Structures are given as structure tokens and as C-alpha cells.
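Chemist: Sequence plus the predicted model coming up.
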Amino acid sequence: MREFEGVKLRQFEARDLDWLVEAHAELYARTEGFDDSFAFLVSAILTDFLDRQDTVWERGWVAERDGWRLGSIFCVKSEQSDIAKLRLFLVQPEAQGMGLGKHLLETCMGFARDRGYVGMHLWTHESHTAACALYEAYGFEMTAAEPVRNFGVDLVEQTWKISF
């Protein structure tokens with residue numbers, strides 16, 4: 001378990017599933033207007049992770065302080081065996097602005113590098129401006145952007161990639 005400003009990063013466990021689905025659903029319903037289909041997607045991703053996780057190549061982290069969960073990030077295998085996929089990156093509003101997002105991203109990228117991945121990619125939305133600025137600051141490049149209607153709202157989906 002790593003610590004940062006009183007925040008501990010620990011591995012994601014099955015007991016975190018309901019919290020993480022709810023945290024994503026509540027945050028994105030409030031800030032983006034997402035409907036319930038987003039919660040179903042998050043739940044499916046987490047259930048698949050728990051059922052199929054390759055513990056050598058994949059990891060999920062939960063950030064906690066004083067027993068309160070503040071965020072998460074996941075590194076999973078992608079379709080390309082030498083490229084990692086960043087998933088379910090979340091920093092709760094009360095923890096934003098303290099550098100936790102940077103700490104989570106550095107932890108995830110460091111894990112990917114240590115495992116021998118040669119790069120990483122992720123999928124996000126244009127409206128997530130703080131996250132996109134963080135990705136760009138860490139060397140990710142946006143490689144695709146496409147307007148879509150998803151989760152009950154109009155969005156611009158983006159793909160970001162980085163090579164190590």
C-alpha cells in the first residue's frame with residue numbers, strides 16, 4: 001500500500017465494486033447528465049475485471065483516507081498484448097485539486113512500464129477537461145475524436161495513447 005498526503009492506495013477488491021459503480025454513476029449523472037446505462041457499463045467492466053483479472057499484468061487501485069474512498073484507477077490488458085489500457089480513473093470531487101489524480105496516473109503508468117508494456121491507451125470524453133489536460137501533461141496524445149450519443153447525452157468520445 002502506497003501513501004500520498006494521508007491517502008493510501010490499495011488494490012481494488014470485490015468489496016469495492018458497489019461503491020465504485022455508485023461513485024461513477026452519481027458523479028457522471030450530476031456533472032454530465034449520464035443515464036443509468038453508464039452504471040451498467042461500469043458494473044460490467046468491474047465484474048469482468050474480478051472474474052478474469054490477470055494479476056501479473058493487471059491491477060486496480062482504490063485511494064482512501066481515514067476510511068473514505070476518494071478515487072480509483074485501473075491498468076488492464078488491451079487487445080494488443082504489449083499495450084495497456086487505462087480504465088475507471090475517478091477522483092471524487094472532495095479530493096480534486098490535491099494532486100491525487102497525478103498520483104493515481106503515475107502509479108498506473110509506472111505499473112504498466114514495470115510490467116513491460118510499451119504503451120498505454122484510454123477512452124474518455126471531451127467534456128472531461130481536467131482529465132484530458134492531465135493526460136496531455138503526461139505525454140498522451142489524442143488519436144481519435146468522434147461525436148456520439150451515449151449514456152443518454154451527446155458526447156465527443158476520445159481515444160488517447162502514449163508510448164513508453
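Modeler: The structure has been received and is ready for your questions. Residues are numbered from 1 along each chain as shown.
Chemist: How about the secondary structure of Thr143?
Modeler: Under the three-state scheme (DSSP: H, G, I helix; E, B strand; the rest coil), Thr143 adopts strand.
Chemist: could you list every residue that touches it?
Modeler: His121, Thr159, Trp160, Lys161 (C-beta atoms under 8 Å, 6 or more residues apart in numbering). (Glycine included, C-beta is placed from N, CA and C.)
Chemist: And it, how close does it get to Leu155?
Modeler: Using C-beta to C-beta, to the nearest Å, Thr143 is found at 17 Å from Leu155.
Chemist: just the helices in this protein please.
Modeler: Assigned by DSSP state H, the helices in the chain fall at 17-32, 37-52, 100-115, 129-137.
Chemist: Which secondary structure element of the protein has the lowest mean pLDDT?
Modeler: Using mean pLDDT, DSSP states H and E, strand 2-4 stands out as the lowest-scoring helix or strand of the chain, at a mean of 67.
Chemist: May I have the predicted confidence score for the residue of the chain most remote from its centre?
Modeler: Distance to the chain centre peaks in the chain at Asp66, reaching 21.8 Å (criterion: C-alpha atoms, centre = their mean). Looking at Asp66, its pLDDT stands at 93.
Chemist: give me the number of residues near the nearest residue to it once chain neighbours are set aside?
Modeler: Sequence neighbours aside, Gly6 is the residue nearest to Asp66 in space, at 7.5 Å (criterion: C-beta to C-beta, 6 or more residues apart in numbering). Per other C-beta atoms under 10 Å, the neighbour tally for Gly6 reads 9.
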